[in-house]
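Engineer: Here is my input; please provide its structure:
(one chain, ligands or ions: 1)
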Amino acid sequence: MDVVATAALASAVSDAGGLGLIGGGYGDEAWLRKELSSVPPQTVGCGFITWSADPKLVEIALEHRPSVLFLSFGDAAPYIEPAHERGVPVVCQVHNLEQVRASVDLGADVICVQGGEAGGHGIGGRSTLTLVPETADLLADRAPGTLLLAAGGIADGRALAAVLALGADGALVGTRFWATTEAQAPATAKSIAVTLSGDQTRRTSVYDIVRDKAWPKRYTGRVFDNDFVHKWHGHEDELRANIAAAKQSFQDALADEDYHHANVIVGEAIGLVRSVRSAAEVVSDMANQAERIMRSQTHCPSSATERSNRT
Ligand SMILES: Cc1cc2nc3c(=O)[nH]c(=O)nc-3n(C[C@H](O)[C@H](O)[C@H](O)COP(=O)(O)O)c2cc1C
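Structural biologist: This next block holds a predicted model:
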């Protein structure tokens, strides 16, 4: 999760029994070295946005021997051999079966399939509910030793149990960890986000345009569907024509912590997040709830009482 996922968040997740990832996507060399230096080797993973990754930064991350190299959004080929030479397993996050097949052929150790519910960037054409079992079947047939992670919409133990039942070996969780005390996101943004429903998110490119992020066209990012998005989504050419003023108003909003205009990167699962908690609480609640559900083999809770207890 770009520079939100610092060493502090990643190590809190790993300490709690998950596997935390440092988000190297938008970080520069100084930022990456600082974050890596505060965690022992092989305790957390490190992620990159593949189409924009600086090979030198990936090399710096690999020298630190992360638990995994996590690659999303583009051609992972140049990085798989260097990672394997250092004994670092590679996770490829992908969005459809064609990309699953290509990642298996490249030698990915773990495939992470992301549904369009997810917060942040993706292709958005598939939902987690169908993509996970289809991928599980494909891997069983073609690469049974390759692990499968599900991403997109997993914010509590019900969803974790669901994706395990669908054939995943684990889950990649973004939005729920964005709303933790350790995440490097402004407290004001987190406090607004925990009041949102999943209806109040949208996939769009308007923040990439205003932030000068040259994402390839097929990628959009899911964000809080705020006033800025209402104004510009569907009017991207107009936004480009008015880019100087739009940039100024975006920068002002960031400085003022005005999240009706500045971006809040969250997925549909934000509607299940009602409080900012520690990463350790999130990991243990999610795992315990999933275990309870799977042990009892009952359907997820639906009574009003259980609903009020679930967060
Ligand atoms: C704030 C935020 C930033 C993200 N940044 C990145 C990123 O830099 N690189 C990446 O591979 N995925 C990024 N993602 C997407 C995650 O890898 C993951 O697919 C997604 O969070 C899973 O869905 P969920 O948000 O419903 O848990 C980001 C997600 C969020 C919420």
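
Engineer: What separation is there between the residue in the stretch 51-200 of the chain that the ligand sits nearest to and residue 6?
Structural biologist: Distances from the stretch 51-200 of the chain to the ligand, computed as C-beta to the nearest ligand atom, single out residue 174 as the nearest residue at 1.8 Å. (Glycine included, C-beta is placed from N, CA and C.) Applying C-beta to C-beta, to the nearest Å, one obtains 14 Å for the distance of residue 174 from residue 6.

Engineer: what does the stretch 201-311 of the chain have sitting close to the ligand?
Structural biologist: 265, 266, 267, 269 (C-beta under 6 Å from any ligand atom).

Engineer: Can you add neighbour count and give those residues back as CSV?
Structural biologist: Putting these into CSV (neighbours: other C-beta atoms under 10 Å) gives the following:
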residue, neighbour count
265, 23
266, 31
267, 31
269, 26
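
Engineer: Show me the shaky parts of this structure.
Structural biologist: Within the chain, the segments meeting pLDDT under 70 span 298-311.

Engineer: Name the residue closest to the centre of it, please.
Structural biologist: Centroid-nearest residue in the chain: residue 174, 3.9 Å away (criterion: C-alpha atoms, centre = their mean).

Engineer: Now the residue of the stretch 51-200 of the chain closest to the ligand. Nearest residue, chain neighbours left out?
Structural biologist: In space, and not counting its chain neighbours, residue 174 is closest to residue 119: 5.0 Å by C-beta to C-beta, 6 or more residues apart in numbering.

Engineer: ok, the one you found touching residue 222?
Structural biologist: Yes: with contacts counted by C-beta atoms under 8 Å, residue 119 reaches residue 222, the gap being 5.3 Å.

Engineer: So which of these two has more stuff around it?
Structural biologist: residue 119 (29 against 26; other C-beta atoms under 10 Å).

Engineer: what about the residue of the chain most remote from its centre, distance to residue 175?
Structural biologist: Distance from the C-alpha centroid of the chain, by C-alpha atoms, centre = their mean, peaks at residue 241 (31.1 Å). Between residue 241 and residue 175 the distance, using C-beta to C-beta, works out to 33 Å.

Engineer: number of nearby residues for residue 251?
Structural biologist: Burial of residue 251 is recorded as 14 neighbouring residues (other C-beta under 10 Å).

Engineer: can you check residue 246 too?
Structural biologist: Residue 246 has 20 neighbouring residues, counting by other C-beta under 10 Å.

Engineer: Check the one 4 residues further on too.
Structural biologist: Taking other C-beta under 10 Å as the neighbour definition, residue 250 ends up with a count of 21.

Engineer: For it, which non-adjacent residue is closest in space?
Structural biologist: Counting by C-beta to C-beta, 6+ apart, the residue nearest residue 250 is residue 210, at 4.8 Å.

Engineer: what number of residues lie near the one you found?
Structural biologist: Residue 210 has 22 neighbours, counted by other C-beta under 10 Å.

Engineer: heads up, I number from 26, so please use that
Structural biologist: Sure thing, new numbering starts at 26, so read that last one as residue 235.

Engineer: ranges for the strands of this protein?
Structural biologist: Under the criterion DSSP state E, strands of the chain are mapped to 46-48, 70-74, 94-97, 115-119, 135-139, 145-147, 172-176, 195-197, 226-229, 245-249.
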